[in-house]
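In: Quick one, fold the following:
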Amino acid sequence: MSSIHRLLVLPEEPIGTINPMLHGHFAEHLGELVYPGIYVDPKGSIPNTAGIRHDVVEALKPLGVPVLRWPGGCFADTYHWRDGIGPVDSRPMKVNTHWGMAEEPNHFGTHEFMEFCTQIGAEPYFAGNLGSGTPGEMRGWVEYCNFSGNSTLADERRSHGAAEPFRVKYWGVGNENWGCGGNMSPSVYAAEYLRYQTFVNSYPGAPVERIACGPNGNDWNWTEKFFEGIVESKNAPWRINQVQGFAAHYYAGTAGTATQYTEVEWLHLLARGSAIEGIITGHRSIMDRYDPERKIKLLLDEWGTWHPVEQGKPGGGLYQQSTIRDACLAALTLDIFNNHADKLFMANIAQLINVLQSLLLVEEDKCIKTPTFHVFDLYQPHKGAQAVRMVHASELLSLSDETVSSCRTNFLDRNFRGLQAVQGSASLRDKTICVTAVNSSPSEAVEIEVSVRGAKLGDVETVLLTTSDIHDHNTFDVPDKVKLGHAQRVSSKDGVIRVTLPPASVIRLVGSL
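Out: The predicted model follows:
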């Protein structure tokens, strides 16, 4: 057993309210996510309501998905919304040029997406087509969705079964416009953003927030030059007010494959995941120079791991398994979000089903939960609570020279701190404290000691996510290989809690002050 790792919670040092939207998700028309992950033949054998799978809805509803981003991703800047409305049988068949030249039947469009959001209780977040669309097309989509009065577009929506407007609040003005969304420079995109957002109108009872395309990873230049372009005129105060949100993307990538990796590769990937802290603090610090009152929201509307495609799956479908390693990375990330709750408004893991770091995998009439799903379930008590500072007395894990070099080169100037043996976060709701922590070591158990400054903890409830092998994952044959353990009561000693974390594990402790 290694030395004790002490976690001291400081309830008198609040960070900010943990927005539930930090637990957001992302559904792109890509691979097997939409078809058959969400939508199936309404007349087929898989139980559904209006084409929406019952098993997927039943799995997601208890999770309380706060927000769901759609339809992309790269797909968004090739998507024309009129292709996805009206009678399903008359919708055009298109080709998904970004993702394997797959057929896109447009059976899952605006109304179907809103039906899915309604069934799972999620707020919709639309990504509009700036790359290959027009300002008029984007304007028409907003009116179609949100206008409650008399207009041809509102009447068309009603004729398709939606008497009341959808009142979609969040609108992305393009996606990855530095790449698949048009290969633009930040200054060119700033000008295009200002033009397009002009026509993303609020309507009575349906205010909108416009989300600008942010940087790829640690591209500080994109953030700097975008905001320079926004304020480049004597009307700078007016122009900066046209940006309500700014959405960065960061993928930790891979080390090894989704299910095969060494302990060194385990550490490499978790170190890269931990570096998301530098992404948040770095871009927020640049934004603060232009927006010192933080009126503009920072989002991470794509994040997660990105492993090689599983054998037997289409190369353009991005299907991958999710192991306990991915779960630990998700937990580290959510803890970082909590610890920077004052800087970050929304985050959407990529992606919801079958694609990249998904929460669910489906195959024919089967639906299983991944280890990443269980992390989001484990962390639910943090949502809406007040994040408070927690001091870690935990040594850094030993990382390879390659890992240190790759991470520090990218993130040292923006607060890359390395991979600690134990990382976590704490939140407070009334007199209830919630602490989550990750043992990042793939081979060593650790003992943690949790205390609260100025108060004594009583007994706490603990729930552990752990398994016997660092490569463990859930399959359709063994769907519960990795799952949450049963809640356990742990008694305090003089107001201090001591528990042991197995290797590669995540824990939640909840108690009263």
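
In: Kindly state the pLDDT recorded for Thr49?
Out: On pLDDT, Thr49 comes in at 96.

In: hang on, isn't it packed against Gln119?
Out: Yes. Look at Thr49 against Gln119 with Cβ atoms under 8 Å: they come within range, at 7.0 Å. Yep, even glycine has a C-beta here, placed from its N, CA and C like the rest.

In: Who has more neighbours out of those two?
Out: Ranked by neighbour count (other Cβ atoms under 10 Å), Thr49 and Gln119 place Gln119 first, with 19 against 12.

In: tell me which helix or strand of the protein sits lowest on mean pLDDT?
Out: helix 401-411 (a mean of 49; mean pLDDT, DSSP states H and E).

In: immediately after it, which helix or strand?
Out: Following helix 401-411 in sequence order, the next helix or strand is strand 422-429 (DSSP states H and E).

In: The following helix or strand past that following strand - contacts with which helices or strands?
Out: Next along the chain after strand 422-429, taking DSSP H and E as the criterion, comes strand 432-439. Strand 432-439 sits against strand 4-17, helix 324-339, strand 422-429, strand 446-452, strand 505-512, with contacts defined as 3 or more Cβ pairs under 8 Å, 6 or more residues apart in numbering; DSSP states H and E.

In: Report the contact partners of the nearest residue to Lys383 once chain neighbours are set aside.
Out: Counting by Cβ to Cβ, 6 or more residues apart in numbering, Lys383 lies nearest to Pro20, which is 4.1 Å off, once chain neighbours are set aside. Taking Cβ atoms under 8 Å, 6 or more residues apart in numbering, we find Pro20 in contact with Gly64, Pro66, Lys383, Gly384.

In: can you redo the residues you listed as TSV with secondary structure, neighbour count and distance to Lys369?
Out: Converted to TSV, the contacts of Pro20 look like this (DSSP: H, G, I helix; E, B strand; the rest coil; neighbours: other Cβ atoms under 10 Å; distance: Cβ to Cβ, whole Å):
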residue	secondary structure	neighbour count	distance to Lys369
Gly64	coil	15	15
Pro66	coil	19	18
Lys383	coil	20	19
Gly384	coil	13	23
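
In: Same list, the residues you listed, but as CSV with distance to Gln423 and pLDDT please.
Out: Formatted as CSV, the contacts of Pro20 follow (distance: Cβ to Cβ, whole Å; pLDDT from 0 to 100):
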residue, distance to Gln423, pLDDT
Gly64, 24, 97
Pro66, 23, 98
Lys383, 19, 98
Gly384, 22, 98
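
In: Can I get those residues in TSV including distance to His486?
Out: Converted to TSV, those look like this (distance: Cβ to Cβ, whole Å):
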residue	distance to His486
Gly64	21
Pro66	27
Lys383	22
Gly384	25
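
In: for these, which one is nearest Leu30?
Out: Pro66 (21.7 Å; Cβ to Cβ).

In: Let's verify the closest residue to Tyr39 other than its chain neighbours: helix, strand, or coil?
Out: Nearest residue to Tyr39 in three dimensions, chain neighbours excluded: Phe108, at 4.3 Å (Cβ to Cβ, 6+ apart). Under the three-state scheme (DSSP: H, G, I helix; E, B strand; the rest coil), Phe108 adopts coil.

In: tally of neighbours for Phe108?
Out: What Phe108 shows, counting by other Cβ under 10 Å, is a neighbour count of 26.

In: The one 10 residues further on too?
Out: Burial measure for Thr118: 13 neighbouring residues, criterion other Cβ under 10 Å.

In: secondary structure class for it?
Out: Taking three-state DSSP, the label given to Thr118 is helix.

In: Check the gap between the residue nearest to Tyr39 and Val88 for me.
Out: Plainly put, Phe108 is 9 Å away from Val88 if you go by Cβ to Cβ, to the nearest Å.

In: Any idea how far apart the tips of stretch 117-133 sit?
Out: Length of stretch 117-133, first residue to last, Cα to Cα, to the nearest Å: 25 Å.

In: Sorry, slip of the keys, the one I care about is stretch 498-513.
Out: Criterion Cα to Cα; first-to-last residue distance in stretch 498-513 is 16 Å.

In: Nearest residue to Asp288 in space, ignoring adjacent ones along the chain?
Out: Arg294 (7.0 Å).

In: how near is the one you found to Phe345?
Out: Look at Arg294 and Phe345: by Cβ to Cβ, they are 9 Å apart.

In: Neighbour count: the two, which is higher?
Out: A side-by-side neighbour count of Arg294 and Phe345, using other Cβ under 10 Å, places Phe345 first with 21 against 13.

In: Surely the more buried one and Ile18 touch.
Out: No. Here Phe345 does not reach Ile18: they are 10.9 Å apart, not a contact under Cβ under 8 Å.

In: Identify the residue spatially nearest to Val496, adjacent ones excluded.
Out: Ser451 (4.7 Å).

In: Run through the residues that contact that neighbour.
Out: Under the criterion of Cβ under 8 Å, 6+ apart, the neighbours of Ser451 are Arg6, Leu7, Leu8, Val9, Leu457, Gly495, Val496, Ile497.

In: which of the residues you listed has the most neighbours?
Out: Busiest of the contacts of Ser451 [other Cβ under 10 Å] is Val9, holding 26 neighbours.

In: any idea which element the residue nearest to Pro186 when sequence neighbours are not counted lies in?
Out: Distances taken as Cβ to Cβ, 6+ apart place Lys225 nearest to Pro186, at 3.7 Å, with adjacent residues excluded. Assigned by DSSP H and E, Lys225 falls within helix 220-230.
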